[in-house]
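> coords please:
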Amino acid sequence: MVYRVVPKCACSSIGQIMYYSDHGEFFDGDIHDATGKMHKWAIEKSQPKIEKNVTSHKSYAFTCVRNPYGRILSSFFDKICGIQRNGKRYRGNLVPLLVQKYGIEVGDPDTGFEFDQIQSFRRFLLFARDTIRWRRPMDPDIHWSAMSGHISTFIVNGGRYDNIFFTEKFNDGMQSVMDAVETKHKVDVAKIPKFNESEGHGPKRAHPIEDYFDDLSMHLVYEIYKRDFNLFKYDVDNPGNKMPVGEIDLDEVHAKLGD
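From the prediction side, this is the model:
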């Protein structure tokens, strides 16, 4: 099987399930750090094999999407507020830049991450919009750039998806992938632990998701992720409704993201 990674859309769990289906065990550590026993675009010698496989559609190809409201909020808590696996802040000088230019607070692990989460998140949204719209003060980060951008590179380079499923219906979606392929080791998706490399190193979300989005922030989110809402059938009018409101039309996705 071929999986096009979309950051913040259950990619750790999917990677570990693929690893397990080949080797009968999970990768010890963060699957993003694995350098063997699987092909990845980041491994140079894998690239020609992946390219050949994808362009000839030899394997079942899939990806996974997530509600844009939940995804951007998760990026904020994980990448901006959280301490990363290496014990440092994400991307070194990024957080100090946000504190200085946008007045964002991120809290401190020593004091239990006390800060105004809603105000800070809304300011982060302005920053995310600036990076995506004007590529300043930096290029957009993969964790908050639009899913349609990630998904389109696969199509533009000759790939075709057999399945795009929802993070919010993860077990059903992942099971539909496993049902479509032959694996060395049987995977019972319902029994697989959830792998979340971002959990436990940042503040807990203190409010329901809809509290973080007022009228202006909903407008900003739609401006940034219009294509994601439309193609992947999420509810733009209600941040509190994380579930999709329709089924993904694969032909529409290929037509609109293939140009």
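
> Tell me the buried residues in stretch 6-26?
Within stretch 6-26, the residues that count as buried by 16 or more other CB atoms under 10 Å are 6-21. Placement of C-beta: from N, CA and C, glycine included.

> What is the most widely separated pair among the residues you listed?
Lys8 and Ser21 (22.7 Å; CB to CB).

> got a list of contacts for the helix or strand bottoming out on mean pLDDT in the chain?
Every helix and strand in the chain was compared by mean pLDDT, DSSP states H and E; the lowest is helix 94-102, with a mean of 94. By CB atoms under 8 Å, 6 or more residues apart in numbering, the residues outside helix 94-102 that reach it are Ile80, Arg89, Ile104, Glu105, Val106, Arg123, Phe124, Leu126, Phe127, Pro137, Met138.

> ok, and the closest non-adjacent residue to the fifth one?
If the residues on either side of it in the chain are set aside, Val106 comes closest to Cys81, at 4.6 Å by CB to CB, 6 or more residues apart in numbering.

> mind checking how far Lys191 is from Val5?
23 Å (CB to CB, to the nearest Å).

> Quote the end-to-end distance of stretch 21-37.
11 Å (CA to CA, to the nearest Å).

> picking that back up, just the ones of the contacts of helix 94-102 in helices?
Taking DSSP state H, the ones among those that sit in helices are Arg123, Phe124, Leu126, Phe127.

> Any chance of JSON lines for these, columns neighbour count and distance to Asp249?
Listed next are the ones in helices among the contacts of helix 94-102 as JSON lines, based on neighbours: other CB atoms under 10 Å; distance: CB to CB, whole Å:
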{"residue": "Arg123", "neighbour count": "20", "distance to Asp249": "36"}
{"residue": "Phe124", "neighbour count": "25", "distance to Asp249": "32"}
{"residue": "Leu126", "neighbour count": "16", "distance to Asp249": "33"}
{"residue": "Phe127", "neighbour count": "21", "distance to Asp249": "33"}
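
> Sort out for me which of the buried residues of stretch 6-26 are in helices.
Judged by DSSP H, the subset of those located in helices is Cys11, Ser12, Ser13, Ile14, Gly15, Gln16, Ile17, Met18, Tyr19, Tyr20, Ser21.

> Appreciated, that's everything.
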